[in-house]
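Undergrad: What follows is a predicted protein model with its sequence.
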Amino acid sequence: MLTVDYGRLGVRPGDRLLDLGCGFGRHSYQAARLGASVVAVDASAGEVTSVRDTFAAMVVAGELDLETVRVAAVQGDALALPFPDGRFDRVIASEVLEHIPDDERAMAELARVLRPGGTMGVTVPRCGPELVNWSLSDEYHNVPGGHVRIYRRGQLLDRLVGAGMVPFGSHHAHGLHAPYWWLRCLVGPANDRHRAVAAYHRLLVWDIEKAPAVTRLADRALNPLVGKSLVLYLEKPAGAPAMGDPAVRRRRAVTV
């Protein structure tokens with residue numbers, strides 16, 4: 001289940017792609033299948049190990065050819081990415097910025113490691129559906145590593161533009177998922193054995209695994225109204241100087 005549209009992002013064979021906050025790796029796996037060389041980064045050692053194991057299984061199954069594609073999963077800090085300036089052609093940060101207190105520093109790091117002319121896909125929980133979740137349950141977000149903010153579209157755009165990015169597209173995703181989380185919050189986020197929650201979860205699994213026409217059509221119809229995720233596409237201007245340039249470092253020092 002992808003949130004970022006790789007056609008809009010412009011992913012091509014041979015691209016170098018960073019998946020920040022990769023989680024269990026859904027965006028990383030598809031990028032690798034499309035021929036991109038992928039670095040998946042997460043703060044969780046467990047998630048990183050799981051992604052490495054899945055990459056290895058994909059190689060054994062013949063889904064990936066390491067002669068043409070390079071893949072890696074590393075534990076890392078979004079505020080200090082261990083990569084040189086301009087290292088990646090594409091950057092994805094899906095459902096991660098809402099977890100980071102210093103999100104503007106993380107955005108600056110994402111822009112730094114993206115090459116001039118490269119593209120970025122950023123997704124966060126959409127304001128309206130997320131407000132419902134927060135109003136129904138404190139437990140939904142008030143947990144270690146949970147969501148620390150609700151983004152309004154304009155606020156998120158302003159911060160990404162402040163990091164040097166230029167937006168060129170957007171959409172909403174996962175319309176079927178917003179009601180599911182409202183239900184979870186209503187009965188208690190940890191109560192995943194509730195009959196209605198379990199039934200809805202089976203529907204979502206069916207949709208993910210089989211992609212039947214009825215759920216795909218319903219999801220597309222619901223996306224503009226209650227799509228759970230806001231997806232933004234941005235480009236780093238081709239003439240943007242590298243953050244490592246002495247002139248840029250001097251300007252940053254003056255503004256700090």
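TA: Nice, thanks for sending it over.

Undergrad: what helices or strands is the strand ranked longest in the chain leaning on?
TA: As assigned by DSSP state E, the longest strand anywhere in the chain is strand 114-125. Contacts defined by 3 or more C-beta pairs under 8 Å, 6 or more residues apart in numbering; DSSP states H and E place strand 114-125 against helix 6-9, strand 88-94, helix 103-113, helix 153-162, strand 229-235. C-beta here means a position set from N, CA and C on the backbone, and glycine is covered the same way.

Undergrad: can I get those in CSV with mean neighbour count?
TA: Output for the helices and strands packed on strand 114-125, formatted as CSV (neighbours: other C-beta atoms under 10 Å):
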stretch, mean neighbour count
helix 6-9, 16
strand 88-94, 25
helix 103-113, 21
helix 153-162, 15
strand 229-235, 22
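
Undergrad: Ok, which of the ones you listed comes nearest Ile208?
TA: strand 229-235 (14.7 Å; C-beta to C-beta).

Undergrad: gap between the closest one and the chain center?
TA: 9 Å (C-alpha atoms, centre = their mean, to the nearest Å).

Undergrad: Ok, stretch 214-230 next?
TA: 18 Å.

Undergrad: With only the CA atoms kept, save it in PDB.
TA: The C-alpha coordinates for stretch 214-230 follow below in PDB (Å, rounded to 0.1, in the frame of the first residue of the first chain):
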ATOM      1  CA  VAL A 214     -15.200  -2.100  -5.400                       C
ATOM      2  CA  THR A 215     -12.700  -1.000  -2.700                       C
ATOM      3  CA  ARG A 216     -10.400   0.800  -5.200                       C
ATOM      4  CA  LEU A 217     -13.300   2.800  -6.500                       C
ATOM      5  CA  ALA A 218     -14.500   3.600  -3.000                       C
ATOM      6  CA  ASP A 219     -11.100   4.700  -1.900                       C
ATOM      7  CA  ARG A 220     -10.700   7.000  -4.900                       C
ATOM      8  CA  ALA A 221     -14.200   8.500  -4.200                       C
ATOM      9  CA  LEU A 222     -13.400   9.100  -0.500                       C
ATOM     10  CA  ASN A 223      -9.900  10.500  -1.000                       C
ATOM     11  CA  PRO A 224     -10.900  14.100  -1.800                       C
ATOM     12  CA  LEU A 225     -13.300  14.100   1.200                       C
ATOM     13  CA  VAL A 226     -11.600  12.200   4.000                       C
ATOM     14  CA  GLY A 227      -8.300  10.800   2.600                       C
ATOM     15  CA  LYS A 228      -6.200  10.100   5.700                       C
ATOM     16  CA  SER A 229      -3.000  11.300   4.200                       C
ATOM     17  CA  LEU A 230      -1.900  14.600   2.600                       C
END
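
Undergrad: in it, what counts as buried?
TA: 215, 219, 222-223, 226-230 (16 or more other C-beta atoms under 10 Å).

Undergrad: Distance to Thr3 and pLDDT added to those residues, as CSV?
TA: Output for those, formatted as CSV (distance: C-beta to C-beta, whole Å; pLDDT from 0 to 100):
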residue, distance to Thr3, pLDDT
Thr215, 16, 97
Asp219, 12, 97
Leu222, 15, 97
Asn223, 11, 98
Val226, 15, 97
Gly227, 10, 98
Lys228, 9, 98
Ser229, 5, 98
Leu230, 10, 98
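
Undergrad: Just the pLDDT at Arg249, thanks.
TA: pLDDT recorded at Arg249 is 37.

Undergrad: Equivalent analysis for Val256, please.
TA: For Val256, pLDDT reads 26.

Undergrad: what about the helices in this structure?
TA: 6-9, 26-33, 45-60, 103-113, 127-136, 153-162, 177-187, 195-210, 213-226, 246-255 (DSSP state H).

Undergrad: Distance-wise, check the residue nearest the centre of the chain relative to Ala31.
TA: Taking C-alpha atoms, centre = their mean, the centroid of the chain lies closest to Ser94, which sits 0.9 Å from it. Note on Ser94: its distance to Ala31, by C-beta to C-beta, to the nearest Å, is 11 Å.
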